[in-house]
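Trainee: got a structure for you, letters missing:
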């Protein structure tokens with residue numbers, strides 16, 4: 001009976017469990033994670049506008065793990081031994097014959113004063129803090145921005161910031177408060193969101209213009225104060241700062257003994273295998289994938305594609321077969337505005353930008369469809 005360990009209970013980790021159980025019914029699967037819960041990150045953007053609450057998007061995984069016959073090891077990963085065959089955790093060691101690392105990434109906290117901002121991608125606490133601050137203001141300036149990892153520029157999450165910006169603008173209009181607020185978008189790039197493609201950038205900037213959202217672009221961010229963003233192009237006074245910094249790898253990556261990218265992610269390629277460590281695979285935000293296009297996003301859809309490849313190659317490894325399957329490089333993103341949206345689709349061959357009022361409903365329908373795998 002094959003013994004497989006998965007680190008992380010996010011998109012990649014849970015998709016790997018579903019696929020492994022389907023393809024290897026008798027496999028002995030262990031999940032290592034701090035909590036047996038799944039947070040549906042794409043819907044965090046709806047917490048500040050009260051379209052969602054914590055109970056809507058934070059799911060207990062007990063029933064799912066029981067259905068899929070997965071052992072849950074509640075702990076944090078600390079490192080590896082024996083070339084990855086043993087995972088060292090805060091609750092002891094876990095042995096495996098194949099390992100899939102899906103422990104995610106984290107935001108860089110290097111900028112001075114960054115504690116004066118909230119990053120929507122940090123999770124529920126940050127999303128609820130933005131909600132509470134927004135609804136406690138009678139008026140003022142709301143600032144939204146993001147940046148990348150200078151050592152690994154593709155490690156950036158801009159999509160959720162655009163959605164948060166447009167969603168809050170729509171929410172303020174809906175609640176009759178828009179005239180009391182000035183909204184500003186700031187970014188060190190002249191063309192923010194260029195991984196979505198030039199057409200998408202033009203569309204997003206046009207949307208800001210239509211909604212009377214100011215922009216402060218092309219100036220390096222140097223830090224934050226309690227009421228301001230500091231940039232090389234001047235300061236931006238703000239009563240609320242929503243800022244998503246560039247990403248780096250898992251907290252335990254440096255102690256893993258595995259090769260890391262310049263930005264701090266586990267090294268891999270399109271096969272999701274860690275070079276020099278047979279039977280060790282990585283999927284989702286935890287990895288840096290050599291050979292992937294520089295616009296490849298760190299998002300749930302990409303994590304699912306990578307998890308499927310990691311599973312296929314792990315099964316081949318366990319059977320003693322060559323494991324050379326590769327994941328599809330594809331960007332699929334609905335930039336939601338609370339009442340409408342823009343679908344952005346990109347592959348190496350083509351790029352599409354499709355605005356439509358129905359995309360908001362489509363995003364909600366996809367949320368329901370995705371979460372039904374994990375609901376009790």
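Mentor: In hand now; what should we look at? Bear in mind the structure is a predicted one, so any value in this text is a computation, not a measurement.
Trainee: Which residues does stretch 65-82 contact?
Mentor: 7, 17-18, 21, 28-36, 61, 86-94, 99, 103, 250-252, 255-258, 280 (Cβ atoms under 8 Å, 6 or more residues apart in numbering). Yep, even glycine has a C-beta here, placed from its N, CA and C like the rest.
Trainee: From those residues, which land in strands?
Mentor: Using DSSP state E, the members of those that fall in strands are 7, 28-33, 86-89, 92-94, 99, 280.
Trainee: Next, the contact list for residue 300, please.
Mentor: Neighbouring residues of residue 300 by Cβ under 8 Å, 6+ apart: 11, 41-42.
Trainee: Narrow the contacts of stretch 65-82 to just the buried residues.
Mentor: The neighbour count (16 or more other Cβ atoms under 10 Å) marks 7, 17-18, 21, 29-33, 36, 61, 86-89, 94, 99, 103, 250, 252, 256, 258, 280 as buried among the contacts of stretch 65-82.
Trainee: Where do the helices of the chain begin and end?
Mentor: In the chain, the segments counted as helices under DSSP state H are 11-23, 54-57, 62-67, 124-136, 159-174, 198-210, 300-318, 359-371.
Trainee: which parts of the last one are buried?
Mentor: Burial within helix 359-371, assessed by neighbour count using 16+ other Cβ under 10 Å, is assigned to 359-360, 363-364, 367.
Trainee: What of the first one?
Mentor: Judged by neighbour count (16+ other Cβ under 10 Å), helix 11-23 contains these buried residues: 11-21.
Trainee: Of all pairs in those residues, which one is the farthest apart?
Mentor: Farthest-apart pair in those is 11 and 21; separation 16.4 Å (Cβ to Cβ).
Trainee: re earlier: could you dump the buried residues of helix 359-371 to CSV with distance to residue 291?
Mentor: CSV is the format used below for those (distance: Cβ to Cβ, whole Å):
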residue, distance to residue 291
359, 31
360, 35
363, 30
364, 35
367, 31
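Trainee: low pLDDT regions in the stretch 151-300 of the chain?
Mentor: Within the stretch 151-300 of the chain, no stretch has pLDDT under 70.
Trainee: For it, which segments count as strands?
Mentor: Using DSSP state E, counting those that start in this stretch, the strands of the stretch 151-300 of the chain run over 181-187, 214-217, 221-225, 228-231, 234-237, 240-244, 247-248, 266-269, 280-282, 287-290.
Trainee: Turn those strands into a markdown table, columns for distance to residue 339.
Mentor: Formatted as a markdown table, the strands of the stretch 151-300 of the chain follow (distance: least, Cβ to Cβ, whole Å):
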| stretch | distance to residue 339 |
| --- | --- |
| strand 181-187 | 16 |
| strand 214-217 | 22 |
| strand 221-225 | 30 |
| strand 228-231 | 28 |
| strand 234-237 | 27 |
| strand 240-244 | 20 |
| strand 247-248 | 29 |
| strand 266-269 | 39 |
| strand 280-282 | 38 |
| strand 287-290 | 35 |
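Trainee: Point out the most buried one among those.
Mentor: Among the strands of the stretch 151-300 of the chain, ranked by average contacts under mean count of other Cβ atoms under 10 Å, first place goes to strand 280-282 (a mean of 30).
Trainee: related to what we said a few turns ago, looking at the buried residues of helix 359-371, spot the one nearest residue 313.
Mentor: Residue 313 has its nearest neighbour among those in residue 367, at 29.3 Å by Cβ to Cβ.
Trainee: contacting residues around the spatially closest residue to the closest one that is not a sequence neighbour?
Mentor: Distances taken as Cβ to Cβ, 6 or more residues apart in numbering place residue 43 nearest to residue 367, at 5.7 Å, with adjacent residues excluded. Neighbouring residues of residue 43 by Cβ under 8 Å, 6+ apart: 52, 56-57, 367.
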